[in-house]
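**Student:** would you be able to build a 3D model of this:
(one chain, ligands or ions: 1)
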Amino acid sequence: MPDVPRLMKWDPEKYLDFADERGRPFAELVQRVPGDPNTIVDLGCGPGQLTRILRERWPAARILGVDSSGEMIDKAGRDNNDPGVTYELADASAWTGRAELVISNAMFQWVPDQLDVIRRLATMTDTLAIQVPNNFDAPSHTLMREVAARSPYAEHLNNFTFRTGTGVETYLDLFAGLGWAVDAWETTYQHILPGEDAVFGWVSGTGARPVLQALPGDVPDDIRGKFEQEYKAALREAYPAHAWGTVLPFARVFVVAQRRLDV
Ligand SMILES: C[S@@+](CC[C@H](N)C(=O)[O-])C[C@H]1O[C@@H](n2cnc3c(N)ncnc32)[C@H](O)[C@@H]1O
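**Tutor:** From the prediction side, this is the model:
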């Protein structure tokens, strides 16, 4: 299987087009984390726009943001001058260290062996807080797979593996199995997005990036451009635009797990 996330290039500015909507789950996750950690690692920190949420909640903590994208880490470093924050370019699967809290927003769905990685991280911290999207069976993704299966796109996507979601019960099972206390829940946000082809605008900043980048965008064929047109048309039908915006229902899974210190 090609290593999609690591080959993929992120565009921090495009990702930040929906910064409020993408940041809200992180704020809600942080509210459920108990205690007062002195050291925090934010895995898959992205462009660093969420670091201030950690800082507001824990004013004295030392914070390390880790991300495997050079573009994201550069943007995070440029935009943040908090002396208590460091950013590091590293893969979460290989990262080693210790922190009282390891938190991660919208990253683990990109990590193919995420459950093994989480088990390893559980030896390096006492609290893990995780949010992942669980929208892989939503039209935004099923339509992407449907269009990708058509010719001429399928011929260019021979080795491509589409990602699948991980349900809340899998994380519950993992942490409860380790003997940890688990607080897990699911939420479906109803995002109201402005503008034309708003859902395409959303997914092209994140979930659809690997497939778009796997397709050749060169003239004269511009396979990628043609794919985009077909995918956009399918999305317009599935997510009708209203005068006041386009509704994108978006399911997310949240987990706050703590080692039980009394056993
Ligand atoms: C959807 S963005 C989320 C960014 C930020 N946490 C947020 O919520 O806005 C996913 C981030 O995870 C990073 N990422 C993906 N796989 C990773 C890995 N194996 N190790 C570290 N970071 C990873 C990407 O580079 C990207 O910045």
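**Student:** quick check: which ranges of the chain have low pLDDT?
**Tutor:** Within the chain, the ranges that satisfy pLDDT under 70 run 1-7, 263.
**Student:** gap between the residue nearest the centre of it and the ligand?
**Tutor:** With distances taken as CA atoms, centre = their mean, residue 106 lies nearest the centre of the chain, 2.4 Å away. Separation of residue 106 from the ligand (CB to the nearest ligand atom, to the nearest Å): 4 Å. Yep, even glycine has a C-beta here, placed from its N, CA and C like the rest.
**Student:** got a list of what that residue touches?
**Tutor:** 22, 25, 44, 46, 131, 132, 133, 206 (CB atoms under 8 Å, 6 or more residues apart in numbering).
**Student:** would you tell me which helix is longest in the chain?
**Tutor:** Secondary structure assigned by DSSP state H gives helix 223-238 as the longest helix of the chain.
**Student:** can you list contacts of that helix?
**Tutor:** 139-140, 143-144, 146-148, 150, 152-153, 156, 197, 199-200, 203-204, 208, 211-212, 215-217.
**Student:** dump the C-alpha coordinates for that helix into PDB.
**Tutor:** The C-alpha trace of helix 223-238 is given here as PDB (Å, rounded to 0.1, in the frame of the first residue of the first chain):
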ATOM      1  CA  ILE A 223      -7.400  13.900 -15.600                       C
ATOM      2  CA  ARG A 224      -7.500  15.600 -12.200                       C
ATOM      3  CA  GLY A 225      -9.500  18.600 -13.500                       C
ATOM      4  CA  LYS A 226     -12.100  16.200 -15.100                       C
ATOM      5  CA  PHE A 227     -12.300  14.200 -11.800                       C
ATOM      6  CA  GLU A 228     -12.900  17.400  -9.900                       C
ATOM      7  CA  GLN A 229     -15.800  18.400 -12.300                       C
ATOM      8  CA  GLU A 230     -17.500  15.000 -11.900                       C
ATOM      9  CA  TYR A 231     -17.000  14.800  -8.200                       C
ATOM     10  CA  LYS A 232     -18.300  18.400  -7.700                       C
ATOM     11  CA  ALA A 233     -21.400  17.600  -9.700                       C
ATOM     12  CA  ALA A 234     -22.100  14.500  -7.600                       C
ATOM     13  CA  LEU A 235     -21.500  16.500  -4.400                       C
ATOM     14  CA  ARG A 236     -23.900  19.300  -5.500                       C
ATOM     15  CA  GLU A 237     -26.600  16.800  -5.900                       C
ATOM     16  CA  ALA A 238     -26.000  15.100  -2.500                       C
END
